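> coordinates for the following, if possible.
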Amino acid sequence: MSPNPRSPTAHRRALSCIRALVDRLYHSARSVESRTGLTNAQLAVLRNVARHGPLTINQTAERMRAGQSGVSMVLSRLHRAKLVERTISEADRRRVVVHATAAGRRVLRRSPLPPTEELLSAIDQLTPAQAEAIARGLTPLLRKLHRSVTPEHMLFE
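Alright, predicted model coming up:
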């Protein structure tokens with residue numbers, strides 16, 4: 001494939017930015033997995049539940065800015081690993097809430113900051129115009145890659 005003759009510098013810059021972002025997220029995620037045995041998404045959800053819990057699945061998904069089904073799957077894995085526990089809400093007996101177990105809190109004490117959390121924090125620090133520019137710029141690229149934008153997907157899960 002030959003370079004785009006219209007603006008090779010702009011295309012090179014775009015690719016360099018994407019490479020830098022992917023590289024940072026990839027290496028951070030691998031570090032998280034090797035140090036904790038958890039995926040980036042699992043660690044990010046566990047940190048969120050430990051910090052703000054007890055939370056419902058929907059509250060957790062909202063905090064993670066991800067879809068409910070994706071967060072539910074991550075929470076199920078954490079529950080099987082005995083890092084979170086599900087209980088009936090005392091405020092509303094129809095709701096199930098999740099909280100970190102002692103084992104989950106122990107994992108967090110030795111864990112690095114997950115890349116998902118770093119990314120969410122960095123995006124929060126952008127102005128609305130900057131965030132919109134990123135979305136506007138990435139949407140056509142995603143279309144060319146035959147990918148849709150979906151809130152369900154969590155990074156590195």
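> how many residues are close by residue 60?
24 (other Cβ atoms under 10 Å). For every residue, glycine as well, the C-beta is placed using N, CA and C.
> then the one 4 residues further on?
If you count neighbours by other Cβ under 10 Å, residue 64 ends up with 23.
> surely it meets residue 117?
No - in this structure, residue 64 is not within contact of residue 117 by Cβ atoms under 8 Å, at 9.3 Å.
> now do the shared contacts for these two.
Contact criterion Cβ atoms under 8 Å, 6 or more residues apart in numbering; residues shared by residue 64 and residue 117: residue 44.
> quick check: residue 139 vs residue 148, distance?
Distance, residue 139 to residue 148, using Cβ to Cβ, to the nearest Å: 10 Å.
> who's more crowded, the two?
Taking neighbours as other Cβ under 10 Å, residue 139 and residue 148 compare with residue 139 leading, 13 against 9.
> may I ask which helix or strand encompasses the most centrally placed residue in the chain?
Residue closest to the average C-alpha location in the chain (Cα atoms, centre = their mean): residue 116, at 3.8 Å. Applying DSSP states H and E as the criterion places residue 116 in helix 115-124.
> give the rounded mean pLDDT of that helix.
The pLDDT scores in helix 115-124 average 87.
> now stretch 15-24
Stretch 15-24 carries an average pLDDT of 90.
> go on, stretch 65-79?
The average pLDDT for stretch 65-79 rounds to 92.
> in it, what's buried?
66, 68, 70, 71, 73, 74, 75, 77, 78 (16 or more other Cβ atoms under 10 Å).
> got it, and stretch 77-90?
For stretch 77-90, a neighbour-count test (16+ other Cβ under 10 Å) marks 77, 78, 81, 83, 84, 85 as buried.
> want to throw those into CSV with secondary structure?
Shown next, in CSV, are the buried residues of stretch 77-90 (DSSP: H, G, I helix; E, B strand; the rest coil):
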residue, secondary structure
77, helix
78, helix
81, coil
83, coil
84, strand
85, strand
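> of those residues, closest to residue 37?
Of all these, residue 37 sits closest to residue 81, with 8.6 Å by Cβ to Cβ.
> could you pull up phi and psi at residue 88?
Residue 88 adopts backbone torsions of phi -80, psi 140, taken as degrees, to the nearest 10.
> about what we covered before: give me the subset of the buried residues of stretch 65-79 lying in helices.
Among these, the ones falling in helices (DSSP state H) are 68, 70, 71, 73, 74, 75, 77, 78.
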